[in-house]
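Colleague: here are the coordinates; sequence isn't available:
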């Protein structure tokens with residue numbers, strides 16, 4: 001069976017996911033068969049595996065860092081919030097039901113066998129499992145139900161724990177001491193090291209505090225990790241990517257809807273010199289971009305009503321009529337149509353008018369489409385006509401079926417090879433169901449160059465779109481940074497000793 005080590009945090013967004021990815025990369029570089037594992041993830045950014053199963057994107061990133069194909073075994077339970085009190089529950093990659101938090105907690109322990117089957121299979125096939133916790137292990141109102149999230153999973157996996165605190169948000173010593181202090185005695189004994197993450201400044205000034213921290217907790221500090229500027233997919237809703245930015249030569253605005261999902265779809269458009277990708281949630285932030293993107297959402301109808309209430313829909317219509325390019329992905333594509341109908345109550349029930357920029361209509365159905373696809377653009381018109389004939393890969397995750405009079409892409413299911421058609425275009429307005437459609441360098445690069453040419457900018461003034469090689473360089477940079485700032489010899493000792 002594999003050796004195990006678990007990364008837990010004092011709070012959400014302490015850096016558990018990135019540190020887990022970094023350790024996966026280090027263990028891979030050191031010659032081990034390593035795999036990430038997170039029993040329960042709550043996120044709206046998800047991914048479809050080659051088998052057509054749904055999992056959280058954080059474990060996809062960690063699998064890439066480990067150099068292996070993503071598998072739903074790495075994330076057997078995914079919770080996708082639909083409102084403030086309920087989520088769609090996905091078990092082993094398939095929809096298990098729609099539940100309120102109270103309903104889920106009432107049945108959660110029934111899912112322990114599913115979690116352990118996934119864990120046992122991965123453990124039997126690998127040398128090391130790097131397990132990620134969720135939130136904080138010190139949520140005293142939830143501890144009794146923690147059978148596989150934080151300390152419950154650590155006990156089941158017999159995994160020593162590294163506890164991560166976020167110094168960038170302040171109060172890191174209270175974070176760490178308070179978390180450890182709220183653990184039971186047997187749980188405290190499982191915490192074998194603490195990591196201070198996102199540090200900026202002179203570490204020598206921190207040293208006296210580290211010494212006192214070790215005395216207070218009787219747990220060694222095994223790393224002080226600097227604040228890292230990495231170009232790696234970031235799943236958390238608190239991601240810095242969602243903060244507003246200044247417009248550049250080519251300005252792209254993504255509408256930041258309340259139930260925004262899969263914002264990693266647009267990462268390929270980021271980080272290019274001369275290109276700004278801004279996330280906006282108000283009309284005064286929108287300005288006059290060159291491209292407006294309506295992203296995926298976990299509740300298309302409710303977020304469409306939000307667009308109306310904020311005035312963003314009216315502004316988008318004004319800009320589109322003036323020739324501004326508009327792109328909708330998944331839920332955003334559905335919004336751009338004429339009508340959205342929900343006869344089965346999948347979202348809000350009833351029917352509402354769409355934005356009306358595309359001649360399509362959507363009917364929500366109880367069956368969820370989950371598939372990996374490859375495709376090719378057909379004849380595309382408008383400002384993005386240079387996309388015609390280009391190939392792409394991606395995946396579909398949606399509950400609706402959309403009727404389009406003129407699809408812009410031919411798709412093939414990556415498993416069954418069954419063919420289908422996708423998308424629609426009208427003038428400079430485009431829509432597609434395919435997540436990841438921009439990940440191919442040619443597609444993202446073509447869009448950026450087309451927008452530049454359309455406003456009289458020489459594309460040579462812009463940077464190059466990042467590709468697969470760049471992604472691997474970023475994982476190596478992450479691993480090198482952790483090696484330089486964490487006591488890897490101590491971490492290997494912890495890993496070998498177990499509990």
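Modeller: Nice, I can see it. Being a predicted model, the structure only gives us computed values, none of them experimental.
Colleague: Could you identify the helix or strand that succeeds the longest helix seen in the chain?
Modeller: Longest helix in the chain, counting residues (DSSP state H): helix 468-485. Later in the chain than helix 468-485, the nearest helix or strand by DSSP states H and E is helix 488-497.
Colleague: Tell me how far that next one lies from the chain's centre.
Modeller: Using Cα atoms, centre = their mean, to the nearest Å, the distance from the centre of helix 488-497 to the centre of the chain it belongs to is 29 Å.
Colleague: and the angle from that helix to helix 468-485?
Modeller: Going by axes from the mean of the first three to the mean of the last three Cα atoms, to 10 degrees, helix 488-497 is angled at 90 degrees with respect to helix 468-485.
Colleague: pLDDT on the lengthiest strand in the chain, on average?
Modeller: If you go by DSSP state E, the chain has its longest strand at strand 361-377. Average pLDDT, strand 361-377: 94.
Colleague: Against which helices or strands is it packed?
Modeller: Secondary-structure packing of strand 361-377 (3 or more Cβ pairs under 8 Å, 6 or more residues apart in numbering; DSSP states H and E): strand 46-48, strand 339-342, strand 391-403, strand 409-413, strand 419-422. In this view, the C-beta of every residue, glycine as well, is placed from N, C-alpha and C.
Colleague: hey, which of these is tucked in deepest?
Modeller: Greatest average neighbour count among the helices and strands packed on strand 361-377 goes to strand 46-48 (a mean of 26), per mean count of other Cβ atoms under 10 Å.
Colleague: can you map out the helices along the stretch 201-350 of the chain?
Modeller: Remark: helices assigned in the stretch 201-350 of the chain by DSSP state H, counting those that start in this stretch are 203-217, 283-286, 300-310, 312-321, 331-335.
Colleague: and of those, who's closest to residue 225?
Modeller: helix 203-217 (10.6 Å; Cβ to Cβ).
Colleague: Compare the helices and strands packed on strand 361-377 and report which one is nearest to residue 153.
Modeller: Closest to residue 153 of those, according to Cβ to Cβ: strand 46-48, at 20.5 Å.
Colleague: Compute the distance from the centre of the closest one to the centre of its chain.
Modeller: For strand 46-48 - counting by Cα atoms, centre = their mean - the centre lies 9 Å from the chain centre.
Colleague: again, but for stretch 435-443
Modeller: Using Cα atoms, centre = their mean, the offset of stretch 435-443 from its chain centre is 16 Å.
Colleague: Contacts for that stretch, please.
Modeller: With contacts defined as Cβ atoms under 8 Å, 6 or more residues apart in numbering, stretch 435-443 is touched by 48, 262, 265-266, 268-269, 296, 329-330, 375, 387, 390-397, 444, 447, 465-467.
Colleague: quick check: mean pLDDT across it?
Modeller: 88.
Colleague: right, and residue 249 touches residue 272 too?
Modeller: No: applying Cβ atoms under 8 Å as the test, residue 249 and residue 272 come out as separate, 10.0 Å apart.
Colleague: what sits in contact with each of these two?
Modeller: With Cβ under 8 Å, 6+ apart as the test, residue 249 and residue 272 both reach residue 462.
Colleague: ok, back up a step: buried sites along the longest helix of the chain?
Modeller: For helix 468-485, burial by neighbour count (16 or more other Cβ atoms under 10 Å) applies to 471, 474, 475, 477, 478, 479, 482, 485.
Colleague: Can you list the neighbours in contact with it?
Modeller: Taking Cβ under 8 Å, 6+ apart as the rule, helix 468-485 contacts 18-19, 21-23, 25-26, 29, 64-65, 223-226, 228, 230-232, 488.
Colleague: Quick check on those: which are buried?
Modeller: The buried subset of these (16+ other Cβ under 10 Å) comprises 18-19, 21-23, 25-26, 64-65, 223-225, 228, 232, 488.
Colleague: Can you name the two of these that sit furthest apart?
Modeller: Longest span within these, Cβ to Cβ: 64 and 224, 26.1 Å.
Colleague: contacting residues for residue 197?
Modeller: 14, 15, 19, 164, 165, 166, 167, 168, 225.
Colleague: Could I get the pLDDT score of the last one?
Modeller: We note a pLDDT of 97 for residue 225 in this prediction.
Colleague: Low-confidence ranges, the stretch 101-250 of the chain, go.
Modeller: The model of the stretch 101-250 of the chain has pLDDT under 70 over residues 234-244.
Colleague: now the strands: where do they sit in it?
Modeller: With strands called from DSSP state E, counting those that start in this stretch, the stretch 101-250 of the chain shows them at 128-132, 161-166, 191-199, 221-226, 250-255.
Colleague: so residue 82 makes contact with residue 88?
Modeller: Yes: Residue 82 is within contact range of residue 88, at 5.9 Å (criterion: Cβ under 8 Å).
Colleague: list the residues that contact both of those two?
Modeller: Joint contacts of residue 82 and residue 88 (Cβ under 8 Å, 6+ apart) are 98, 298.
Colleague: residues near residue 117, how many?
Modeller: Close neighbours of residue 117, defined as other Cβ atoms under 10 Å, add up to 13.
Colleague: what's near enough to touch it?
Modeller: residue 76.
Colleague: got it, and residue 300?
Modeller: For residue 300, the contact set (Cβ under 8 Å, 6+ apart) comprises 331, 334, 335, 340, 347, 362, 364, 400.
Colleague: again, but for residue 203
Modeller: residue 224.
Colleague: Can you tell me how far it is from residue 171?
Modeller: Note on residue 203: its distance to residue 171, by Cβ to Cβ, to the nearest Å, is 18 Å.
Colleague: Could you do residue 75 as well?
Modeller: Residue 75 is 30 Å from residue 171, by Cβ to Cβ.
Colleague: Ok, residue 368 next?
Modeller: 41 Å.
Colleague: before we move on, what about residue 150?
Modeller: Residue 150 is 20 Å from residue 171, by Cβ to Cβ.
Colleague: Test my guess that residue 431 contacts residue 331.
Modeller: No: the pair residue 431 / residue 331 is not scored as a contact, 10.4 Å apart, by Cβ under 8 Å.
Colleague: Looking at these two, which is more packed in?
Modeller: The residue with more neighbours, out of residue 431 and residue 331, is residue 331; 30 against 27, by other Cβ under 10 Å.
Colleague: Sweet, I'm off.
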